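Participant: Give me a model of this one.
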Amino acid sequence: MTRFSIGGDVYGVQDASTSYSLTNPDPQTLRFEVHQGDHAWYDDSSVDRSEVSGAGNIPGGTPINLNYQFMVEANGPNGSFTNTADGWFIVGQMHNDDNASGVGTSPPFAIQLVGDHLQVVARYVQPGQDPSNGAGNVQMLTLWTDPNPIKTGVYNNIQIQADVSNTGGGYLKVSINGTQVVNYSGPLGYGQATNWEYGVYRSTAPETVAVDYRNMTLLTGSAATSAPTQPTTSTTTDPTTTSTATTAPTGIVAPTVTPDATSPATAVVSPVAAATTTDPSVLGAMGAMGLAPTSASGWSAPVTGASAASLPSMDFSRFGFDTGTLAGAAPQTTNWWGDQGTAAASQQSNSYALLNQYLAGSSGGANGGMIAVAMSGPAWTQNSFLTKPQS
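Facilitator: Sure thing, here's the model as predicted:
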């Protein structure tokens, strides 16, 4: 339940709160690891999760430009990658604003692994239709599957351009290591805002897996349309290795379209009431996700509204934190939402080994203006957690 900043955007941590779930090997990198049974506080035992999720929503019809490098670590024999998850294995998703839609949904588009092959999928419903999986309206597009197994220990450049709209103007373009593998134009999403969420989210499986993300940048609006359409530099550690495209590397010709009734869904809880704030831009984003505090320092109790079918993956709106204190110059005191029990129990349950590891000493120097803030200690003292130079 830690909140921190990447390039000025607020993200929240959704994991099992172990020392290995989320680590920061260097100022540019986040490493996510899951073991069977690792899940966030709102999940059940059917999923394993270690993710960070953007707190601010991106309105539908907004151009998006997303760049990052992605690597899987070896977990099988002879340096191979093993993945036996038989439901889904998502390593990056554009998450729907389920508070606005009123039902739990699967991601409008996602980068995922099927076995040891990268895959890009997208989903949409026609305007006005119920986007819950059980309603049978969701159309799922399998836009690309890499015919070659992913190589371990090799960073892949991934560049995504998108506009999540199901009323006209929707598109999704994906390039892997400089080769365009998806060029889709058509309805995308469910007519709601979205937020970027990445890490590992899978149906539970026995093998331990770890993935690394570095140099992630996310631009929206006019900044997205004026940005380069391809990564400007390659950070692949093996320059002879690229992700091989399908026979139509510039796009899809006839994507597979199927009703989506079994893919992962996210439950929804009723949004809490918004409070006035001196930072309307932050509160507007948080309020759109049902995260606005009911008072300057307190959070309301949740309203039970999720169906039994959607409980395995509840919405990020259960996160419940106050971004108004994120960039304060002095230690902040914040009442966290939720049934935490006694004050001592609350402190103990939120003093994660990950933060203790990095915050036990000094913060170190910030690098170039992109500073992550983490909250720790009895007074939730701010400290530097992740830095990234301004690009």
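Participant: quick one: residue 91 from residue 34, how far?
Facilitator: Using Cβ to Cβ, to the nearest Å, residue 91 is found at 11 Å from residue 34. C-beta here means a position set from N, CA and C on the backbone, and glycine is covered the same way.
Participant: before we move on, what about residue 62?
Facilitator: For residue 62, the distance to residue 34 equals 31 Å [Cβ to Cβ].
Participant: Those two: which is more packed in?
Facilitator: Between residue 62 and residue 34, counting by other Cβ atoms under 10 Å, residue 34 is the more crowded of the two (28 against 17).
Participant: got a pLDDT number for the more buried one?
Facilitator: pLDDT for residue 34: 98.
Participant: Backbone torsions only: list them for it.
Facilitator: Taking degrees, to the nearest 10, you get phi -130, psi 140 for the backbone angles of residue 34.
Participant: do you know how far it is from residue 75?
Facilitator: 11 Å.
Participant: Run through the helices of the stretch 101-250 of the chain in chain order.
Facilitator: Assigned by DSSP state H, counting those that start in this stretch, the stretch 101-250 of the chain shows helices spanning 222-226.
Participant: so what sits against both of residue 91 and residue 34?
Facilitator: Common contacts of residue 91 and residue 34 (Cβ atoms under 8 Å, 6 or more residues apart in numbering): residue 200.
Participant: Quickly find the element holding the nearest residue to residue 23 once chain neighbours are set aside.
Facilitator: Counting by Cβ to Cβ, 6 or more residues apart in numbering, the nearest residue to residue 23 once its immediate chain neighbours are dropped is residue 31, at 4.7 Å. Here residue 31, judged by DSSP states H and E, is contained in strand 29-34.
Participant: got the contact list for that strand?
Facilitator: Contacts to strand 29-34, defined as Cβ under 8 Å, 6+ apart, come from residues 15-16, 20-25, 48-52, 199-200, 202, 208-214, 216, 386.
Participant: Of those residues, just the buried ones, ChimeraX syntax please.
Facilitator: A single ChimeraX command is used to select the members of the contacts of strand 29-34 judged buried by 16 or more other Cβ atoms under 10 Å:
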select :15,16,20,21,22,23,24,48,49,50,51,52,199,200,202,209,210,211,212,213,214,216,386
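Participant: Name the residues contacting each of residue 34 and residue 75.
Facilitator: Common neighbours of residue 34 and residue 75 (criterion: Cβ under 8 Å, 6+ apart): 208-210.
Participant: picking that back up, tabulate the CA atom coordinates of the strand holding residue 31 in CSV.
Facilitator: Extracted in CSV, the C-alpha atoms of strand 29-34 (Å, rounded to 0.1, in the frame of the first residue of the first chain):
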residue,chain,number,x,y,z
THR,A,29,14.7,-0.1,-12.6
LEU,A,30,11.9,-1.8,-10.8
ARG,A,31,12.0,-5.5,-10.2
PHE,A,32,8.9,-7.5,-9.6
GLU,A,33,8.9,-11.0,-8.2
VAL,A,34,6.1,-13.4,-7.3
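Participant: which is the next helix or strand following it?
Facilitator: Assigned by DSSP H and E, the successor of strand 29-34 is strand 47-54.
Participant: Now do that following strand, average pLDDT.
Facilitator: 97.
Participant: CA atoms only for that strand, dumped as CSV, please.
Facilitator: Below are the C-alpha coordinates for strand 47-54, written out as CSV (Å, rounded to 0.1, in the frame of the first residue of the first chain):
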residue,chain,number,x,y,z
VAL,A,47,-4.0,-15.1,-8.3
ASP,A,48,-0.4,-14.1,-7.7
ARG,A,49,0.4,-10.4,-8.0
SER,A,50,3.2,-7.8,-7.7
GLU,A,51,2.3,-4.6,-9.5
VAL,A,52,2.4,-0.9,-9.4
SER,A,53,-0.7,1.0,-10.6
GLY,A,54,-1.0,4.6,-11.7
